[in-house]
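K.L.:
Here's my sequence, what's the structure:
(chains A and B)
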Amino acid sequence: MNIGSNLRIGPFEVFDPVREVAERPRLNGGQTFPGKLFVVEGIDGSGKSTQLSLLHKWLASKGYGVVFSTWNSSPLVKDTTKLGKKKKMLTPATFSLIHATDFADRIERSILPLLKAGAVVLCDRYIYTAFARDVARGMDSQWVRELYGFAVKPTVAFYFRVPLETAIGRLVTARDGFKFYEAGLDLGLSDDATESFRLFQGRILQEYERMIPEFGLTVIDATLPVEVQQAQVRQIAQTHLDRANELRVRP
Amino acid sequence: MRKTYGKTLPGTKLTDSGKLIVVEGTDGAGRTTQINLLKGWLEERGHAVLDTGMTRSPLAGEGIRRAKEGNNLGRVTQSLFYATDFVDRLENEIVPALRAGFVVLTDRYVYSLMARAIVRGMDPVWIRSIYSMALVPDAVIYLRIGVDELIPRVIFSRGFDYWESGMDVFPGQDMYENFRSYQTALLAEFERLSVEFHFETVDGSADVKTVFTELQKKILRIVESDSRKDYFSKASEELAESLRLKLEKSWAARLSELRSDDLQIFPQTEQVSPNGNGHRLA
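P.N.:
Below you'll find the model as predicted:
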C-alpha cells in the first residue's frame, strides 16, 4: 500500500516460497477496498475524539456499518505496552516498535477484514500519530515511515489543527497532571511535567505541519466551534460516501 | 567503530571493545547446545560472556509467548513483536555488554527474524529496512543442516511445534508435511541470506564435538586476536613508532646544525663493486 510519496511496500501478498525474492511483488498500492477508512489526527486537546464520536453517531444514524478502532487497543499487544510504560522500560525505538505491533494486529485482524467487508472504519489516531511522536523522540523519519509500510491508506485523514496554548489550556482544566510518556518525560526536556508536555507537543505539532503536504492531510481548524467543525467533517465524509452508496446497509 | 546496517537508533553509542558473535541456524541445528558449550569455554579462558536469544527480552518476551499460545497472531504483528523483542535486548543488553568489552554470544539474530518473516510472505525490502538499525556482528556462524537430518532431532527432542512447523503459513492439518515445507522454505531463505550477510557456514549435521571444535577455531580467531596478541603487537608497534619519531627528531636536529654545502654526507669513494666473497674486484 502506498502511504507516502516514496514508499512502495506492503507485506500483504500471497505467500509463495517457490518464487525468487526479486520476483515477489513489492507494490500493493492501488489496492482498493469496498469499505471506507476515516481517521482523525491532532495533538492531545485538539478535540479530535469528540469530532470522531459525533461522526460515528451521524454515520450510524444513516445506517452505515460503522466500526471504531482506537490507538493502542490490540488485545494481543496492549499488555506489553502497558508493562513497558508502567516500568518505564521503553526507549524511543521500542516505544515505536510496540505501537507498530499493536497497529499491525488491529490492521490484520480488524481493520483490513472490515474494509474488505465494506464497513466504514473510524480510527482515533493513525500512522501519522506514530510518525509525529516517534520523530519527535528522535527516530529516523524514513525508518518510521518504512516501518508502517503495511498500513492501509485512509480514505480521508482529518487533521485537527490547533495552537499549542489552546490545546494545553483545554487539557489543564480537563485533567490533573500528565502521564510519563504522554508528557515526553522520557526525553529529559524538562523535569516539570507540564513544561515537558509543552515542549514535546510543540515538536509533535511541527511534525504534523510537515506531514500536511506529505500525506495530503485534510486540515480542520480546531479553534472553530464544535458544530462548525463537525459540519465540515460530515460534508467531506459525505462526498466519499456518495460514491460508495451501494454499500449502505439499511437498518 | 562498530557499524550498523544503515540506521543508528537514537542514543546508541557505536564505540565498543566487545565482540558480537551470532550463531544462526534453523530449529534443531544445535545452536543452543553449542552456545552453552562456548560460553563455559570462553569464560574459562577469561572472557566475560553475555548470551542472549530470541524472546528473552523483559519487555516483549512474555507478551510473545502469550500471543503464540492463542494461535491467532498475524504475520505482520508477529514480525513486529519479534522486532520489539530484538530491539529491547539490543539496547539494554547487547550494546551495553559490548561497550563493557564482553563477548556477546547470540542465539539467532536478525537473519532468523528476516527469514521467518520472508517465508511468511513479508516484503524482503520491508523487513530489511526495519533491521537496518542492527549492529553488524564480528562473525555470523551458520549451522547448516538439511531437513532430513533435522527431522530425527525434532522427533527425539520435543516433537513438532505449531509455529516451527509453519502451521500458520501452510494450509492443512498435516504437521509433518508442513514442517518439511516450512523448514525447506526457511533453509532456502537462509542460503540467500548467507551470501548477502557473509555467514561462515559450519556443517550442523556433524556430531556435537566436531561442530564445537570447528566453532572454537573460528571464535578464537575473532576473540583473541584483540585481547592478547593485538595488545602486544599494538604495544610493540607503538614502541617502534616512538623510536622512529625520536630518531627522526635527532637526525633533524643534527642536520639542521650542519649546512649542506660544508658537509659531504656520502664522501665520494672509488667505484668498486664487491664480488660474491666480499673481496674487491681487481
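
K.L.:
Please enumerate the strands of the stretch 1-150 of chain A.
P.N.:
A:36-41, A:66-70, A:120-124 (DSSP state E, counting those that start in this stretch).

K.L.:
could you dump the last one to CSV, C-alpha only?
P.N.:
Pointing back at strand A:120-124 there. What follows is strand A:120-124, C-alpha atoms only, in CSV (Å, rounded to 0.1, in the frame of the first residue of the first chain):
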residue,chain,number,x,y,z
VAL,A,120,-16.9,2.3,7.5
VAL,A,121,-13.9,2.2,9.8
LEU,A,122,-13.2,5.1,12.1
CYS,A,123,-9.7,5.4,13.7
ASP,A,124,-8.9,7.7,16.5
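
K.L.:
ok, how many other residues are close to B:Lys218?
P.N.:
15 (other C-beta atoms under 10 Å in any protein chain shown). Where you see a C-beta, it was placed from the backbone N, CA and C, and this is true even at glycine.

K.L.:
where's it relative to chain A, distance?
P.N.:
Per C-beta to the nearest C-beta, to the nearest Å, B:Lys218 is found 28 Å from chain A.

K.L.:
Kindly confirm my reading that that residue forms part of a strand.
P.N.:
No - applying DSSP: H, G, I helix; E, B strand; the rest coil, one finds B:Lys218 to be helix, outside a strand.

K.L.:
Can you tell me the element B:Phe212 falls in?
P.N.:
Using DSSP states H and E, B:Phe212 sits within helix B:208-224.

K.L.:
quick one: contacts of that helix?
P.N.:
B:19, B:21, B:23, B:30, B:33-34, B:37-38, B:41-42, B:45, B:47, B:103, B:138-139, B:141, B:143, B:200, B:202-204, B:206 (C-beta atoms under 8 Å, 6 or more residues apart in numbering or on different chains).

K.L.:
returning to that earlier point: out of the strands of the stretch 1-150 of chain A, which gets nearest to A:Thr81?
P.N.:
A:Thr81 sits nearest to strand A:66-70 of all these, at 12.8 Å, using C-beta to C-beta.

K.L.:
can you give me the offset of that closest one from its chain's centre?
P.N.:
Strand A:66-70 sits 12 Å away from the centroid of its parent chain (C-alpha atoms, centre = their mean, to the nearest Å).

K.L.:
Show me what counts as buried in it.
P.N.:
For strand A:66-70, the neighbour count (16 or more other C-beta atoms under 10 Å in any protein chain shown) marks A:66-67, A:69 as buried.

K.L.:
Likewise for stretch A:214-222?
P.N.:
Quick answer for stretch A:214-222 (16+ other C-beta under 10 Å): A:215, A:217-218, A:220, A:222.

K.L.:
Can you give me the end-to-end span of that stretch?
P.N.:
Using C-alpha to C-alpha, to the nearest Å, the end-to-end distance of stretch A:214-222 comes to 20 Å.

K.L.:
still on that earlier bit, now, the contacts of helix B:208-224 that are in helices?
P.N.:
In helices, defined here by DSSP state H, the members of the contacts of helix B:208-224 are B:33-34, B:37-38, B:41-42.

K.L.:
Please convert the buried members of the residues you listed into ChimeraX selection syntax.
P.N.:
Applying 16+ other C-beta under 10 Å to the ones in helices among the contacts of helix B:208-224 leaves a buried subset, and the ChimeraX line that selects it is:
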select /B:34,37,38,41,42
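
K.L.:
Can you show me the strands along the stretch 151-251 of chain A?
P.N.:
A:156-161, A:218-221.

K.L.:
quick one, the first one and strand A:120-124 angle?
P.N.:
It refers to strand A:156-161. Orientation of strand A:156-161 against strand A:120-124 (axes from the mean of the first three to the mean of the last three C-alpha atoms, to 10 degrees) gives an angle of 30 degrees.

K.L.:
which helices and strands does strand A:156-161 pack with?
P.N.:
Other elements packing on strand A:156-161 under the criterion 3 or more C-beta pairs under 8 Å, 6 or more residues apart in numbering or on different chains; DSSP states H and E are strand A:36-41, helix A:48-61, helix A:193-215, strand A:218-221, helix A:226-242.
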